[in-house]
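Visitor: 3D, please:
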Amino acid sequence: MREPFSAFIEAISEEFASLRMLAERAAAQVSDEQFFANLDTEANSVGTLMQHIGGNLRSRWQDFRTTDGEKPDRYRDREFEAGLSRADVEAKWRQGWAMLHDGLASLTPADLDTPIVIRGQAASLPRALMRNLAHVAGHVHQIVLLAKHWRGGDWQTLSIPRGQSEQFRAGEVRRKGGA
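Guide: Numbers count the residues shown, from 1 in each chain. The predicted model follows:
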């Protein structure tokens, strides 16, 4: 039997990986124009959300044991501004996920007692992990909704196709992963 800490970190890692895959599969379906399109002046684009998630993950997971998760070199407001290319956004996205991956891989049971500081407030490691997971999940589902909106009838489902739940349950439809 695995020890509970390892099982918990593995579950968190798998959930983050699932969210990443979901966002990337959704974003892959949109054109560059759709990637940066906004529904209205207050909405974020797929690209903006990916840039924000990447910036958040980099800031939270870089030196997370010893520094505040809101790094002084993070300019959060810029994550919501246009101007980067899709390749640049995707690079920031990958950088953030790499920081998360490295951070999760480095965790040990001793880290349970290490307070994680975010914006000057200390939280336990499980609380900080759940907070970050919930934040990323919220934005990933925005990405999926936007991509589905922009693709319309050309949308390729990320889970069980509409109207095929019974076939899935019977094993006739193979699930692709995701939502």
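Visitor: In what element of secondary structure is the spatially most central residue of the chain found?
Guide: Per C-alpha atoms, centre = their mean, the C-alpha nearest to the average position across the chain is that of V136, at 4.1 Å. For V136, the host element (DSSP states H and E) is helix 125-151.
Visitor: Give me the buried positions along that helix.
Guide: Buried positions in helix 125-151, judged by neighbour count with 16 or more other C-beta atoms under 10 Å: 125, 128-129, 132, 136-137, 139-144, 146-148, 150. Any C-beta I mention is one placed from the backbone N, CA and C, and that applies to glycine too.
Visitor: so where is this protein shaky, pLDDT-wise?
Guide: For the chain, the stretches flagged by pLDDT under 70 are 1-2, 172-179.
Visitor: where do the helices sit along it?
Guide: In the chain, the helices defined using DSSP state H lie at 4-27, 32-35, 46-61, 86-106, 125-151, 165-169.
Visitor: Would you format the ones you listed as JSON lines with distance to D113 included?
Guide: Converted to JSON lines, those look like this (distance: least, C-beta to C-beta, whole Å):
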{"stretch": "helix 4-27", "distance to D113": "12"}
{"stretch": "helix 32-35", "distance to D113": "42"}
{"stretch": "helix 46-61", "distance to D113": "19"}
{"stretch": "helix 86-106", "distance to D113": "15"}
{"stretch": "helix 125-151", "distance to D113": "8"}
{"stretch": "helix 165-169", "distance to D113": "43"}
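Visitor: Between those helices, which one is closest to D73.
Guide: Closest to D73 of the helices of the chain is helix 46-61 (C-beta to C-beta; 8.3 Å).
Visitor: could you give the angle of the closest one to helix 4-27?
Guide: Angle between the axes of helix 46-61 and helix 4-27 is 160 degrees (criterion: axes from the mean of the first three to the mean of the last three C-alpha atoms, to 10 degrees).
Visitor: quick check: angle from helix 46-61 to helix 86-106?
Guide: Angle between the axes of helix 46-61 and helix 86-106 is 30 degrees (criterion: the same axes, to 10 degrees).
Visitor: which other helices and strands contact helix 46-61?
Guide: helix 4-27, helix 32-35, helix 86-106, helix 125-151 (3 or more C-beta pairs under 8 Å, 6 or more residues apart in numbering; DSSP states H and E).
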